[in-house]
Structures are given as structure tokens and as C-alpha cells.
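[1] One predicted model, sequence on top.
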Amino acid sequence: MRIVLWDVDGTLLYNSAKAGTYYHDAIRQVAGVGPSPDEPHAVEHGKTDAQIVTERLDRWGGDRAHLAAVSQRLDELSDAYLTDAARRTAAPGVDAALHAVAEAGWVNGLLTGNSPHRARVKLAGAGVDVAAFDWDRSYFGDRAVVRSDLTAAARADLAGATAVILGDTPADGAAADAVGFPFIAVATGAYEQQALRETSAALVMAPGGGPAGAAGRARAALSRTSRRTRQTPSSARR
Ligand SMILES: [Mg+2]
């Protein structure tokens, strides 16, 4: 089997400046703690939800034991992603790229810091076809504090398969590197192409170009990655 493991935020969907308030609200409602008024904005791109929540609990004097309840509350608050006020926006050409991946004989999976529910409502709210993904071969970070735990779970689960990580941050690349998966970077998120070229990325894809451009880039990326994986099988199986 060959599978593309897509990141969600900043990759399939554009980032949202408002997203951080859900974490604040869920933590405050469950754990009763929050930031001081002058706390600087934290840079959290590429972190799992469990990592974001536990780091905030630690910073604000909350108990990490609240993680599961905070995650549950986040799921409830995230239903708002299905409403007009909070809908996310898909990156251009996402559906075409998902189809191109499937037509090339690859499975579309997810490897994301979101919970399954949050990934589903964000994608559905943005109009992305959630049936395009194999949800049983997808990996979620609502309880994993370290992103490489997700790639480790994927590697164990997908033994013998060729898997590619497709994401928008150096953290996606580091998690791919940790288990020897090839990494394809897209500059649709918080990082510019130049910064992504400094990662292990086999390929850095520019944003834009619309559906045809995205589909063509996805096909080209997979064929290049296939060649690279065949040439260095040990890196994918390490
Ligand atoms: Mg991302």
C-alpha cells in the first residue's frame, strides 16, 4: 500500500487567526485557568492539540490530568466550525489534489494534531470531501503530546507500506524524520518556502495555482517521492 498522510491546519485548510480562542475557552471552562492579560501570543503551528493544551495548562498552573476533559470540551466547541461564523477555508485545489492522489493509486490518510472529530468538522465545514480519506488509516494528536508519537504509530500500523507525510511546518518534517518517512512540504501555512527548504523536505510545493496546479503538483510530488523511496528503501523502513 502507498499512502499520503495529510496534515490539516495550514495544509488542507488555511490557518485561522481565531482558532486559538477555542483552546482558551475549553481550558478555562474545564480547568478554571487562563492566561494573564499581557501574555504574548504563543507560536503553536505544527504542535498537536494535546501538546498545545498541556503546555497551556503547565503555563497557567492547571493540572495536566484535565487533558481528556479539555479535549472533549474542545470537540464540543469545535462544532462551530460547521457554522458560517467559524467555517475554515480550504487551500486552493485540495479536492483536485486528493483525487489526483487516489488516481495515482495512493490512499489519502490524515496525520494531524486534531482529534478525529475536530478534523472532520473543520474539513466538512470548509467543504472538503471527508469521504476522500481512509479514517482507519489516519492518526490524531488529541492525546499525543509529541508529534513524532503519531508518526511512530503510523509506522507501526502501516508496516510494509510506503507512507509520505505532507505538511506545512518544520515540525511535520521532524516527525517524519523520526521514523524515516519522506516529507513533502507545502507553503500554504505559516512558513515560507525558504524556511521549509531548510527541513528534510524531498520537495517544497508553492501555494496557489488553483485545482489544476495543485493536482499536477501532487502527482509530480508522488512520482518523485516514489523514485526516492525506491532508491533508498532503508530510509522508509528504518
Ligand atoms: Mg499544519
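    It's in. Numbers count the residues shown, from 1 in each chain.

[2] how deep is residue 162 tucked in, by neighbour count?
    By the criterion of other C-beta atoms under 10 Å, residue 162 has 20 neighbours. Heads up, the C-betas are built off the backbone N, CA and C, glycines and all.

[3] List the beta-bridge partners for it.
    Residue 162 has these beta-bridge partners by DSSP bridges: residue 2.

[4] any chance you could map the helices in the protein?
    Remark: helices assigned in the chain by DSSP state H are 20-31, 49-60, 67-78, 94-103, 116-125, 147-157, 170-179, 193-197, 210-231, 233-237.

[5] will you turn those helices into TSV that also has distance to the ion and mean neighbour count?
    Putting the helices of the chain into TSV (distance: least, C-beta to the ion, whole Å; neighbours: other C-beta atoms under 10 Å) gives the following:
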stretch	distance to the ion	mean neighbour count
helix 20-31	14	18
helix 49-60	12	20
helix 67-78	16	18
helix 94-103	13	19
helix 116-125	11	22
helix 147-157	10	19
helix 170-179	6	23
helix 193-197	12	15
helix 210-231	16	17
helix 233-237	22	13
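
[6] Residue 12: which of those helices is closest?
    Distance to residue 12, taken as C-beta to C-beta, is lowest for helix 94-103 among those, at 5.4 Å.

[7] which helices and strands sit right next to the closest one?
    Using 3 or more C-beta pairs under 8 Å, 6 or more residues apart in numbering; DSSP states H and E as the contact test, the elements touching helix 94-103 are strand 107-112, helix 210-231.

[8] Now with 6 Å, please.
    Secondary-structure packing of helix 94-103 (3 or more C-beta pairs under 6 Å, 6 or more residues apart in numbering; DSSP states H and E): helix 210-231.

[9] Do me a favour and average the pLDDT over the helix it packs on.
    With pLDDT averaged residue by residue, helix 210-231 scores 79.

[10] Now do that helix: which elements does it pack against?
    Packing partners of helix 210-231 (3+ C-beta pairs under 6 Å, 6+ apart): helix 94-103, strand 203-205.

[11] Poorly predicted segments of this protein, please.
    Along the chain, segments meeting pLDDT under 70 span 230-238.

[12] Residue 215 and residue 94 touch, don't they?
    No - counting by C-beta atoms under 6 Å, residue 215 sits too far from residue 94 to count as a contact (9.8 Å).

[13] centroid residue for the chain?
    For the chain, the residue nearest the mean C-alpha position is residue 7 (2.5 Å; C-alpha atoms, centre = their mean).

[14] what residues go with each domain of this structure?
    2-15+88-237, 20-82 (automatic domain parsing).

[15] Does residue 73 touch residue 30 like I think?
    Yes - with contacts counted by C-beta under 6 Å, residue 73 reaches residue 30, the gap being 5.2 Å.

[16] Which single residue in the protein comes nearest to the ion?
    For the chain, the residue closest to the ion is residue 10, as judged by C-beta to the ion, at 3.7 Å.

[17] contacting residues for that residue?
    168, 189-190 (C-beta atoms under 6 Å, 6 or more residues apart in numbering).
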